[in-house]
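[1] build the 3D model from these lines:
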Amino acid sequence: MKFIRLGGLSPVKYKNKEGGFQGHTAPSRHGIFAFPFPYIEEFLCLWNEKHIQEKKIKGYRTFEYQGEVWHHLNIDVNEEWTKSSMEEYKEFLRIVAHNDLKFTHETMGNSQAINPYKRGLGGCISKDHLEVFIDKADLGKVR
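    All right, here's what the predicted structure looks like:
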């Protein structure tokens, strides 16, 4: 599956926040954050001047990956992060995208929307819940 991120593919060391890992903090100590291509949420990537300059110089990086990922898409478990195989992740992504499109049609009153994440196609849903984390041990599967 194709992913996109700001920055390289070398693992980054993350500090454990008080109270444990949660939300958009890393679910493990070493790895990288990414998004399924092309759904990158810029406010999660461009939150400081260093990252803004990195985008101007290097841009975004796309890569293929087939290993396990940490994600926020498990609708049956009330946890911030769930680790799944790529097959499980793709199924969660399909279900969540369908539910987000249904939400756009019903709640937002936009029955013409065809992609819940692309504003030009009627989308209005934030992409931050599509964020994934790939552990350092699994980065050897990146192409």
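[2] show me what counts as buried in the helix or strand of the chain with the lowest mean pLDDT.
    For the chain, counting by mean pLDDT, DSSP states H and E, helix 42-45 ranks last in confidence among helices and strands (a mean of 74). Within helix 42-45, the residues that qualify as buried are Leu44, Cys45, counting by 16 or more other Cβ atoms under 10 Å. Quick note: C-beta positions are derived from backbone N, CA and C, even for glycine.
[3] now stretch 99-116
    Of all the residues in stretch 99-116, those buried under the rule 16+ other Cβ under 10 Å are Asp100, Leu101, Thr104, His105, Asn110, Ala113, Asn115, Pro116.
[4] what helices and strands are in contact with the longest strand anywhere in the chain?
    The strand that spans the most residues within the chain, counting by DSSP state E, is strand 30-36. Applying 3 or more Cβ pairs under 8 Å, 6 or more residues apart in numbering; DSSP states H and E, one finds that strand 30-36 makes contact with strand 2-6, strand 12-13, strand 132-135.
[5] quick one: distance of that strand to the chain centre.
    Taking Cα atoms, centre = their mean, to the nearest Å, the mean C-alpha location of strand 30-36 is offset from the chain mean by 7 Å.
[6] could you pull up the contacting residues of the nearest residue to Leu9 once chain neighbours are set aside?
    The spatial neighbour of Leu9 that comes closest, neighbours along the chain excluded (Cβ to Cβ, 6 or more residues apart in numbering), is Val142 at 5.4 Å. If a contact means Cβ atoms under 8 Å, 6 or more residues apart in numbering, then Val142 has Leu9, Phe63, Glu64, Tyr65, Ile134 as its contacts.
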